[in-house]
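J.: Compute the structure for the input listed below.
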Amino acid sequence: MADTHVLFVEDDDVIREATQLALERDGFVVTAMPDGLAGLEAFRADRPDIALLDVMVPGLDGVSLCRRIRDESTVPVIMLSARADSIDVVLGLEAGADDYVTKPFDGAVLVARIRAVLRRFGHASGPDGSGAAATEAAAPAEAVLRFGDLEVDTEGMEVRKGGQPVALTPTEMRLLLEFSNSPGTVLSRDRLLERVWDYGWGGDTRVVDVHVQRLRGKIGQDRIETVRGFGYKLRG
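T.: So this is what the prediction gives:
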C-alpha cells in the first residue's frame, strides 16, 4: 500500500523541520510549506492524504486555507493552534477541519491523532496503522433509513434530504451514522468523541459541538436535538 502523504503548512522553521522529520521517521511522506498560498499550490499539485495546517501562517491563514481545501475536497484536515482556548480553533472546525492539536505538541500525540483521523477516512495510517474503513461505525441493519424527509443509505454512504443529495464529509457521515444507529437515544459528547473521532482519552467536546452544528446546517436544524447537560439525539 502506498505511503501516506501529509501536507504540513507551518511558518516556524524549527517546528516545521522538526515535525517533518518526526513524521517521516514514522513512515509518512511529508510536503512541508511555510505559508498558506504555497500550501494551497502544493495541495492542488500533490493531492495529499491529509493536511496539517497551522492557524497563524502568512499569505493565506490556516482557517482560510482549510476553507479553500474543503471547497475542493473532503481530504481530512487537522488544525494546529498555539492556544486551546483560541477562537481560531472553533473557526477552523467551522471551516471544515476534522480535528485540531494544540501546540506545543508531542510528536507521538500528533501521530496518534493523524492515524485516528486517517482510520476514519479509510486511508492507510502509516506503517503500523490499521487502515480501517471510514464507515467502521456500527451500521444499522436496514440499508436505507428514513427520518422524515431525510434518507440515509448506510451501504451506499449517501444522504438525501427531500430527494436531493446532501454532500457530507466522511466525519460528518460517521457522525450521522452514529445518530442513525440510535434514533431517539441521547448520545453524550464523550461517547461521540470515542465512536466517531476514535478518542481513547478525553477530548475537546467543541469538536463534537461544531460538527453537530455543521451537520444540522446540511440535514436540517431541528433534526438533531440538544439535550442540555447530556448530549444530542436524532429525531425520528
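J.: going forward, measure contacts between C-alpha atoms and count neighbours the same way
T.: Will do.
J.: Relative to Val30, how far out is the residue nearest to Ala167 when sequence neighbours are not counted?
T.: In this structure, Ala167 finds its nearest non-sequential neighbour in Val159, 7.4 Å apart by CA to CA, 6 or more residues apart in numbering. With distances defined as CA to CA, to the nearest Å, the gap from Val159 to Val30 amounts to 34 Å.
J.: which of the residues in stretch 106-116 are buried?
T.: Leu110, Val111, Arg113, Ile114, Arg115, Ala116 (16 or more other CA atoms under 10 Å).
J.: Closest to Leu192 out of these?
T.: The shortest distance between Leu192 and any of the buried residues of stretch 106-116, using CA to CA, involves Ala116 and amounts to 13.9 Å.
J.: quick one: what helix or strand has the closest one in it?
T.: When elements are assigned from DSSP states H and E, Ala116 belongs to helix 107-121.
J.: just Gly92 next, same as before
T.: According to DSSP H and E, Gly92 maps onto helix 87-94.
J.: Tabulate the CA atom coordinates of that helix in CSV.
T.: Once non-C-alpha atoms are left out, helix 87-94 reads as follows in CSV (Å, rounded to 0.1, in the frame of the first residue of the first chain):
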residue,chain,number,x,y,z
ILE,A,87,-11.5,31.2,18.8
ASP,A,88,-9.3,30.2,15.9
VAL,A,89,-9.9,26.5,16.9
VAL,A,90,-13.7,26.9,16.5
LEU,A,91,-13.2,28.9,13.3
GLY,A,92,-11.1,26.1,11.9
LEU,A,93,-13.6,23.5,12.8
GLU,A,94,-16.4,25.6,11.3
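J.: Check the average confidence over that helix, would you?
T.: Mean pLDDT, helix 87-94: 85.
J.: got the contact list for that helix?
T.: Among residues not part of helix 87-94, those counted as contacts by CA atoms under 8 Å, 6 or more residues apart in numbering are 55, 62-63, 66, 79, 81, 99-100, 206-207, 210-211, 214.
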